[in-house]
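Trainee: let's see this in three dimensions:
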Amino acid sequence: MASLRSPRGQSVIEILIALALLGILASASFILLSTAFSEGRFAQERAIAEQILAEGMEATRQIRDRNFDDLAAGTYGLARTGADWAFSGTEDVTDGRYQRTVTVTELDENQREIIVSVTWTPRLGRTQVLETATLLADVPQVAVPPSSNCYGFELTGDWSNPTSLGTGDLGPGNQGTDVVVDYPYAFVSGVAASSAKPDLFAFDASDPTLPTLIDEIDVGANGINAIARNGDILVAASSNDSREFMVFDVSDPTNMQLVGSSNLTGSEDGLSVLLINDLAVLARANSATAEIYFYDVSTPATPSLLGSHEVGADVHDFASNETYLFAVTSSETSDIVTFDVSAPLSPTYVGDFDLLDDSEDLSLSYHVPDLLFVGNASNEFIVVDASDPLNLVEVSSVTTGGQVKDVVCVTDQLLVTGTDNPNQESILLDITALPTVSTFTSLNFPQEANGVDFAENMVFVAVRSNDALRILTGGTP
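Mentor: Reported below is the predicted structural model:
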């Protein structure tokens, strides 16, 4: 006898099987997506914890530098007033989640063991702990002039494997030209495709993984090529033919104000700028009159021209030990021009120095007590002995594979360059064995790096793209 099957019953069974399979697939997809989401969230949380950890060690070093006796044995939290850190309580908490402690152990009269710990509980997971430890000694600190383009900090983290923290966007049609930092604020200059677009930007980088744009200013045509800051004053060099030199009040970074400017004879661009207390120095492209201009900016709204100097070449950058001012140029015979600025409002020309590079020189920093770091257009970085500013001596060099657009150093530890090398836009150099310099590592950005600065164990880079601000720190050891 033939068996009889109900087509309807068979269809129902097939539908149920199909629904079950769909349910299994949906559950598997949900689990995969949830896992990926959780892993991504955890990676982001860990990056924040690593930054809080590095900040804690840097803050403790600052406390040591200010007064070694403040490193009394115990477990502490940290609190910051302005730019100054101090121990406070037994822990501090960031974002309501990340608990940080600093444990100080006295090893002897002049040495302390420091352990910084960050604890947090991921939204989906077990409590996590990161720790880093070091020894801090009571050692005399070398004063580093703020106009030197160098810093006296002690680095933490693995700078042979730096970590990218965050980026800041200038908006479409803008590209970064320079950056200066007064942490937690980063000021970025730019040039834009349209004169109606802003040219100076202020970011709040208190969360370096997510720097926030808090103000911007449009200065008109041709934007800003370089900036420098001292206290509440920021000065700028511009290609704007009606105000090649500008002065801004940045006492409130959320409301920056253009308060003064100077219009120079001719149409040659302002290329670089430096502040030495109330003395501002402007560099200009080769002009029929002069390329270096000195201003008194003690009254920011009315900068007063003190004098100028003719080089006969483009002047690209400055650095100073606050007794002497050094400038690098495009001249093949006057690569470095030196001025006595011991009386800041009466600068005096001292002399020129001819490097052996036969190249246009683009960037400069001064490393205490007596070295100059020079970056040039021939893909080379040069170390110069400046112990006698009247008789400079070239002592070593290293190739960079690209023009060195800007340079900043951390005393006896690290030197960071911005270059136009298409595969190594920022090169980190090891300067622990000066005058020998060697390559530490390099970083690849979408466009060339035009400006670099350093603060709170982080490197800030201005890149020639609309997502111009890049923030880096040392990797986890």
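Trainee: pretty sure Val235 is in contact with Val247, am I right?
Mentor: Yes. The pair Val235 and Val247 passes the contact test of Cβ atoms under 8 Å, sitting 5.5 Å apart. The way it works is simple: take the backbone N, C-alpha and C, and place the C-beta from them, glycine included.
Trainee: what do these two both touch?
Mentor: 280, 297 (Cβ atoms under 8 Å, 6 or more residues apart in numbering).
Trainee: mind listing what Arg470 touches?
Mentor: Contacts of Arg470 (Cβ under 8 Å, 6+ apart): 164, 167, 445, 449, 460-461, 463.
Trainee: now the buried members of those residues.
Mentor: 167, 445, 449, 460-461, 463 (16 or more other Cβ atoms under 10 Å).
Trainee: need the next SSE after the helix or strand harbouring Ala236, C-terminal direction.
Mentor: Using DSSP states H and E, Ala236 maps to strand 233-238. Per DSSP H and E, the first helix or strand lying C-terminal to strand 233-238 is strand 245-249.
Trainee: now do that following strand against strand 233-238, angle only.
Mentor: 150 degrees (axes from the mean of the first three to the mean of the last three Cα atoms, to 10 degrees).
Trainee: just the CA trace of strand 245-249, in PDB.
Mentor: Output of strand 245-249 as PDB, limited to C-alpha atoms (Å, rounded to 0.1, in the frame of the first residue of the first chain):
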ATOM      1  CA  PHE A 245      53.500  88.900  11.200                       C
ATOM      2  CA  MET A 246      50.600  88.400  13.600                       C
ATOM      3  CA  VAL A 247      50.100  88.400  17.400                       C
ATOM      4  CA  PHE A 248      47.200  86.500  19.100                       C
ATOM      5  CA  ASP A 249      45.900  86.400  22.600                       C
END
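Trainee: quick one: strands adjacent to it?
Mentor: strand 233-238 (antiparallel), strand 257-262 (antiparallel) (DSSP bridges).
Trainee: in that strand, what's buried?
Mentor: Within strand 245-249, the residues that qualify as buried are 245-249, counting by 16+ other Cβ under 10 Å.
Trainee: next one: stretch 104-116
Mentor: 104, 112, 114-116.
Trainee: what helix or strand is the nearest residue to Thr254 once chain neighbours are set aside on?
Mentor: In space, and not counting its chain neighbours, Thr254 is closest to Ile214: 4.8 Å by Cβ to Cβ, 6 or more residues apart in numbering. Using DSSP H and E, Ile214 sits within strand 212-217.
Trainee: same question for that strand, mean pLDDT?
Mentor: Mean pLDDT, computed over strand 212-217, is 97.
Trainee: what are the contacting residues of it?
Mentor: Residues contacting strand 212-217 (Cβ under 8 Å, 6+ apart): 168-169, 185, 198-205, 248, 253-256, 258.
Trainee: check contacts around Asp232.
Mentor: Taking Cβ under 8 Å, 6+ apart as the test, what Asp232 contacts is 249-251.
Trainee: need the residues you listed in CSV with pLDDT, can you?
Mentor: Output for these, formatted as CSV (pLDDT from 0 to 100):
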residue, pLDDT
Asp249, 98
Val250, 97
Ser251, 96
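Trainee: show me which of the residues you listed is closest to Glu360.
Mentor: Val250 (31.4 Å; Cβ to Cβ).
Trainee: still on that earlier bit, can you put the buried residues of strand 245-249 in a markdown table and add distance to Ile431?
Mentor: Formatted as a markdown table, the buried residues of strand 245-249 follow (distance: Cβ to Cβ, whole Å):
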| residue | distance to Ile431 |
| --- | --- |
| Phe245 | 33 |
| Met246 | 33 |
| Val247 | 33 |
| Phe248 | 32 |
| Asp249 | 35 |
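Trainee: list just the nearest of those residues to Tyr324.
Mentor: Using Cβ to Cβ, the buried residues of strand 245-249 come closest to Tyr324 at Phe245, 22.1 Å.
Trainee: pLDDT score assigned to the closest one?
Mentor: What the model reports as pLDDT for Phe245 is 97.
Trainee: how much space between the closest residue to it other than its chain neighbours and Glu268?
Mentor: The shortest distance from Phe245 to any non-neighbouring residue, by Cβ to Cβ, 6+ apart, is to Ser262 (4.2 Å). Plainly put, Ser262 is 13 Å away from Glu268 if you go by Cβ to Cβ, to the nearest Å.
Trainee: so what sits against both of these two?
Mentor: By Cβ under 8 Å, 6+ apart, Ser262 and Glu268 have these common neighbours: Glu244.
Trainee: what about Asp388, distance to Val350?
Mentor: With Cβ to Cβ as the criterion, Asp388 and Val350 are 11 Å apart.
Trainee: need phi/psi at Val148.
Mentor: You called it Val, but residue 148 is Ser. phi -90, psi -10 (degrees, to the nearest 10).
Trainee: which residues does it contact?
Mentor: Taking Cβ under 8 Å, 6+ apart as the test, what Ser148 contacts is 319-321, 365-368.
Trainee: returning to what we had before: what is the nearest of the buried residues of stretch 104-116 to Glu45?
Mentor: Val116 (17.3 Å).
Trainee: what are the pairing partners of the helix or strand Leu130 falls within, and which direction each?
Mentor: Following DSSP H and E, one finds Leu130 within strand 128-137. Applying DSSP bridges, strand 128-137 is found paired with strand 111-120 (antiparallel).
Trainee: give me the contacts around the strand it pairs with.
Mentor: Against strand 111-120 from outside (Cβ under 8 Å, 6+ apart): 45, 49, 52-53, 56-57, 60, 64, 71, 73, 97-107, 127-138.
Trainee: are any of these buried, and which?
Mentor: 45, 49, 52-53, 56-57, 60, 64, 71, 98-102, 104, 130, 132, 136.
Trainee: of those residues, which belong to helices?
Mentor: 45, 49, 52-53, 56-57, 60, 64 (DSSP state H).
Trainee: and of these, the nearest to Val437?
Mentor: Distances from Val437 to those, taken by Cβ to Cβ, are shortest for Met57, at 25.6 Å.
Trainee: now for that closest one: which residues touch it?
Mentor: 114, 116, 132, 134, 156, 457 are the contacts of Met57 under Cβ under 8 Å, 6+ apart.
Trainee: how about a cut-off of 6 Å?
Mentor: 116, 132, 156 (Cβ atoms under 6 Å, 6 or more residues apart in numbering).
Trainee: next: Asn421.
Mentor: Going by Cβ under 6 Å, 6+ apart, Asn421 touches 401-402.
Trainee: what helix or strand is it located in?
Mentor: Assigned by DSSP H and E, Asn421 falls within no helix or strand.
Trainee: for Phe445, see how far away it is.
Mentor: Following Cβ to Cβ, the distance that separates Asn421 from Phe445 is 10 Å.
Trainee: of the contacts of Ser148, buried ones?
Mentor: 319-321, 365-368.
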